[in-house]
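>>> curious how this folds, go ahead:
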Amino acid sequence: MSAATTSAAGRLTDAELKAQEKAARKAEKARQKRIAADEAAERKRSAKAGFANVNNPRRSTLLTVLCAVFAVYCLFPFVYLLINATKTQADFTSTFGLGFGKTFALFDNIATVFSYQDGIFARWLFNTILYVVVGAGGATLLAIMGGYALAKFRFPGRKAVFVVIIGAISVPGIALAVPQFLLFAKLGLTNTPWAMIIPSLISPFGLYLMWIFSEQAVPQELLEAARWIEYLKPTGQIVTNTQQMEPMPVIAGLAKYPEDLVDKMRAKGIKVDAMDCLALADQAGSSKAVNMVLMGRLSHYFPNIPAEAWQASLEANVPAKVLELNKVAFALGQKG
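Take a look at the predicted model:
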């Protein structure tokens with residue numbers, strides 16, 4: 001097929017595509033120069049005003065000294081405890097607090113602690129580990145699952161759940177101490193590990209944090225395309241990005257990301273057009289143009305819509321400063 005035929009069919013010719021790519025690269029270089037100039041001006045202004053940031057680091061002797069003093073203040077009790085744990089009772093009372101004694105008695109002291117009152121300290125240590133592992137671990141697990149579900153599934157009452165979570169965060173824990181005690185007393189759970197574990201499993205802030213993280217970090221692309229194929233018409237077409245970003249259950253090790261999703265969908269007779277949109281977006285000049293690459297590929301399946309209409313839509317909806325870049329991304333996606 002000739003270049004003229006390609007252009008008449010509503011597609012960009014290779015020459016036009018190269019011209020747009022060249023224009024996009026030129027616009028990107030100009031943008032980078034403007035950014036560099038703005039950053040230089042900001043560093044100069046910050047240095048003059050006495051402020052500092054990541055791009056404008058500024059050493060401060062006073063701040064360094066204060067941080068060093070604070071570090072010593074925090075570490076001193078641990079160092080003191082470690083040194084004195086190696087002393088006998090006589091050395092503890094007769095030697096300097098930050099100096100070792102005449103006899104190294106660390107292991108004897110540990111044996112004495114764990115044999116005290118028939119090993120009561122061992123029981124306390126076990127309880128601490130139990131509360132940390134089951135309580136904190138369970139709270140993290142529930143927050144991950146709940147946050148992912150609230151971020152990715154739409155259901156009636158979702159906004160009400162959000163309001164309840166925000167309200168729960170605003171309630172101080174001490175205000176719930178007496179009601180919780182009365183409730184556990186009614187259930188016969190006082191003086192049991194469950195009275196410590198159950199409250200620690202509930203973490204409204206953790207749930208909210210995982211909700212926000214899942215909302216912004218988990219993509220709605222390849223995984224979502226596979227999840228909703230049952231709603232696709234027999235003659236339907238899937239256009240998807242092959243980029244894979246692991247959702248929270250996968251990151252937490254609770255699940256595995258499905259392998260060979262594209263091949264599995266095709267094996268079921270589903271028409272799948274999968275392409276690496278991220279690589280094409282980078283080629284266009286910015287990874288943020290991934291969705292525009294997808295839009296360009298989608299336009300390939302609407303031959304009745306002329307190229308001029310797509311271009312006019314881009315010009316009407318895309319900011320002028322990134323228009324050329326998005327046009328290149330659109331053309332790359334359309335070409336595939």
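>>> just to check, residue 336 is in contact with residue 294?
No - applying C-beta atoms under 8 Å, one finds residue 336 not in contact with residue 294, separated by 11.3 Å. Using the backbone N, CA and C atoms, a C-beta is placed for each residue, glycine as well.
>>> please identify which of those two sits among more neighbours.
Using other C-beta atoms under 10 Å as the criterion, residue 336 and residue 294 rank with residue 294 on top: 22 against 11.
>>> in which helix or strand does that one reside?
Following DSSP states H and E, one finds residue 294 within helix 290-299.
>>> let me know the next secondary structure element after that helix.
Elements were assigned by DSSP H and E; along the chain past helix 290-299, the next helix or strand is helix 307-317.
>>> run the angle between the helix or strand following that next one and helix 307-317 for me.
As assigned by DSSP H and E, the chain's next helix or strand after helix 307-317 is helix 323-335. Orientation check (axes from the mean of the first three to the mean of the last three C-alpha atoms, to 10 degrees): helix 323-335 against helix 307-317 gives 140 degrees.
>>> mind checking the pLDDT average for helix 323-335?
For helix 323-335, mean pLDDT rounds to 89.
>>> who are the packing partners of it?
For helix 323-335, the packing partners by 3 or more C-beta pairs under 8 Å, 6 or more residues apart in numbering; DSSP states H and E come out as helix 14-49, helix 277-284, helix 290-299, helix 307-317.
>>> what comes up buried for that helix?
By neighbour count with 16 or more other C-beta atoms under 10 Å, helix 323-335 contains the buried residues 323-334.
>>> related to what we said a few turns ago, chain center to the helix holding residue 294, what's the gap?
Relative to its chain's centre, helix 290-299 lies at 25 Å (C-alpha atoms, centre = their mean, to the nearest Å).
>>> for it, buried residues please.
Neighbour count says helix 290-299 has 290, 292-299 buried, by 16+ other C-beta under 10 Å.
>>> give me the lowest-pLDDT entry from the residues you listed.
Of all these, residue 290 carries the smallest pLDDT score, 85.
>>> wait, that one touches residue 243, no?
Yes - counting by C-beta under 8 Å, residue 290 touches residue 243, with 7.4 Å between them.
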